[in-house]
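In: Return a 3D structure for these sequence lines:
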Amino acid sequence: MSDADLLPTVRLKPGADARALRHGSPWVYSDALVLDRRTKALPAGSVAVLEDAERSPLALVAVTPESRIAARVLDRDLTARIDEAWFAARLQAALALRERLYAAPFYRLVHAEADGLPGVVIDRFGDILVVQPNAAWADARSAMLAEAAVQVTRARTVILNGMGRARKFEGLGEGLEVACGTAPEAPVPVPMNGATYMADLMGGQKTGLFYDQRDNHAFTAGLAKGARVLDVFSHVGGFALAALAGGAVSALAVDGSEPALTLAQAGAEAGGMAERFETRKGDAFAVLEALGAEGAQFDVVICDPPAFAPSKKALTQGLRAYERVARLAAPLVAPGGYLTLCSCSHAADVAKFGNACARGIGRAGRAAQLLRTGYAAADHPTLPQLAESGYLKALTYRLLP
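Out: Numbers count the residues shown, from 1 in each chain. This next block holds a predicted model:
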């Protein structure tokens, strides 16, 4: 008798399309799963065998009956055991990719479904790992996951960050704890694109730093030599510090968070760029309007807002917000200068986002050339069968004289 024979089974509804699952789709939505009394009684995060409507087994899945994503594929091999060795194998494969991509141990180590660990995000900061177990199955096995991560990476500290917005959809509470090692007593310096960023791993947003913009930072920095730069929604200085490292003569970082701007200032000081760096705290839309009223001009302007369209329900309103950002930012770009507009909303695909940006630029009375469409860095791989894994877009325009 195999382990699979001892596991509960869950089944697709008659008429539910099993082809997508057979072709690599990692999710089963609640409206496609038979949610009978037995299935609803399974504890959130239970491992089960998923069958099609004809009772042919498809995969091992993690089941959360109350979630819209009722089942997440863990393994196509029905004989697999979801234990520490299984975690270690997935982590080793993820590590091999990152070590090929980056010389220094600062990157996203695990990007959820795309790395075969559904709902799990792990960012690496040298010998510290910050783990977000955003799915019930991973949260229930977080100690096992942490042990496997230490075994594979030799990290000295693992922080479990249970503050992600996605956790509420899995019925999970919030929390922050150190699974092993000791919590860092100060922000951790992160070298990237010639700049130094300060990551607050115990109190910052998400895991403390956004690695996904690495390549887009680098491209924009390449345009910034000798330039005056404006970085709006800057967080800890992402685009601004990269631009200064690339030779910008000045950079102004705008954000609504005083702690984020304090970290940005510390990063500028650590990189020896403080004399060329300024911050301005305030609502981004209000600051953009104020700068426009002041007649301010910059050679390079970047706007990297939070997700204005986190779901399809919010798409229309979100696209209006992206259009407004473009409309307010475009007048601040000097003739022949550059404007980078970003979206991390998976619901707004690149075509919809691009159309919103084009409308905003046009409404500002500016004409533009689209130079580059950027996406997340390679340590944030996309699972082709899951559109949500390819969420980030960065459009860089040259605004014509």
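
In: Which positions in the lengthiest helix in the chain come out as buried?
Out: When the chain is scanned for its longest helix (criterion: DSSP state H), the result is helix 84-101. Within helix 84-101, the residues that qualify as buried are 84, 86-88, 90-91, 94-95, 97-98, counting by 16 or more other CB atoms under 10 Å. Glycine gets a C-beta too; all of them are placed from N, C-alpha and C.

In: same deal with stretch 240-258?
Out: 240-246, 248, 250-255, 257.

In: Now do the end-to-end distance for it.
Out: Length of stretch 240-258, first residue to last, CA to CA, to the nearest Å: 16 Å.

In: Check stretch 189-207 too.
Out: End-to-end distance of stretch 189-207 (CA to CA): 14 Å.

In: Show me which positions of that stretch end up buried.
Out: Buried, per 16+ other CB under 10 Å, within stretch 189-207: 189-190, 192-193, 195-202, 204, 207.

In: Taking the centroid of the chain, which residue is nearest it?
Out: Nearest to the mean C-alpha position of the chain, counting by CA atoms, centre = their mean, stands residue 212 at 6.2 Å.

In: helix/strand/coil for the residue nearest to that residue when sequence neighbours are not counted?
Out: Computed as CB to CB, 6 or more residues apart in numbering, the closest residue to residue 212 that is not its neighbour in sequence is residue 376, at 4.1 Å. Three-state assignment for residue 376 (DSSP: H, G, I helix; E, B strand; the rest coil): coil.

In: Moving C-terminal from the helix or strand of the chain with the lowest mean pLDDT, which element do we reach first?
Out: Across the helices and strands of the chain, mean pLDDT, DSSP states H and E gives its lowest value to helix 3-6, namely a mean of 70. Reading on from helix 3-6 to the C-terminus, the next helix or strand found by DSSP states H and E is strand 9-11.

In: packing partners for that next one?
Out: Applying 3 or more CB pairs under 8 Å, 6 or more residues apart in numbering; DSSP states H and E, one finds that strand 9-11 makes contact with strand 46-51, strand 57-63.

In: Format these as TSV; extra columns: distance to residue 350, mean neighbour count and mean pLDDT.
Out: Listed next are the helices and strands packed on strand 9-11 as TSV, based on distance: least, CB to CB, whole Å; neighbours: other CB atoms under 10 Å; pLDDT from 0 to 100:
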stretch	distance to residue 350	mean neighbour count	mean pLDDT
strand 46-51	32	20	97
strand 57-63	30	22	97
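
In: List phi and psi for residue 16.
Out: The phi and psi values for residue 16, taken as degrees, to the nearest 10, are phi -70, psi 140.

In: actually residue 198, not the one I typed
Out: phi -110, psi 120.

In: Equivalent analysis for the one 10 residues further on, please.
Out: Dihedral pair for residue 208: phi 120, psi -20, per degrees, to the nearest 10.

In: Skipping adjacent residues, who's closest to it in space?
Out: Distance criterion CB to CB, 6+ apart; nearest residue to residue 208, sequence neighbours excluded, is residue 199 at 3.8 Å.

In: Let me know the pLDDT of that neighbour.
Out: pLDDT recorded at residue 199 is 96.

In: residues touching residue 398, list them.
Out: 336-339, 368-369, 371 (CB atoms under 8 Å, 6 or more residues apart in numbering).

In: go with 6 Å
Out: Neighbouring residues of residue 398 by CB atoms under 6 Å, 6 or more residues apart in numbering: 338, 369, 371.

In: Following the one helix or strand the first one maps to in sequence, what is the next regular element?
Out: I take that to be residue 338. Per DSSP H and E: residue 338 is located in strand 333-343. Heading C-terminal from strand 333-343, the first helix or strand you meet, by DSSP H and E, is helix 350-363.

In: Now do the buried residues in that next one.
Out: Result for helix 350-363 [16+ other CB under 10 Å]: buried residues 352-354, 356-361.

In: Looking at the buried residues of stretch 240-258, which is nearest residue 393?
Out: Nearest to residue 393 among the buried residues of stretch 240-258 is residue 242, at 18.1 Å by CB to CB.

In: which one of the contacts of residue 398 has the most neighbours?
Out: Each of these was scored for neighbours by other CB atoms under 10 Å, and residue 338 scores highest at 25 neighbours.

In: Can you pull out the low-pLDDT segments for the stretch 1-150 of the chain?
Out: Applying pLDDT under 70 to the stretch 1-150 of the chain flags residues 1-5.

In: Excluding covalently adjacent residues, which one is nearest to residue 101?
Out: That would be residue 378: by CB to CB, 6+ apart, it lies 5.3 Å from residue 101.

In: how much space between the one you found and residue 100?
Out: From residue 378 across to residue 100, the span is 9 Å (CB to CB, to the nearest Å).

In: now swap in residue 356 and tell me
Out: According to CB to CB, residue 356 and residue 100 sit 36 Å apart.

In: What residue spans form the domains of the protein?
Out: 3-75, 84-180, 189-399 (automatic domain parsing).

In: returning to that earlier point: please identify which of the helices and strands packed on strand 9-11 is closest to residue 223.
Out: So among these, strand 57-63 is nearest, using CB to CB, at 44.1 Å.

In: what pairs with that closest one, and is each one parallel or antiparallel?
Out: Here strand 57-63 is paired, per DSSP bridges, with strand 46-51 (antiparallel), strand 69-75 (antiparallel).

In: Please tabulate those strands in a markdown table and include distance to residue 59 as additional columns.
Out: As requested, those are arranged in a markdown table below (distance: least, CB to CB, whole Å):
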| stretch | distance to residue 59 |
| --- | --- |
| strand 46-51 | 5 |
| strand 69-75 | 5 |
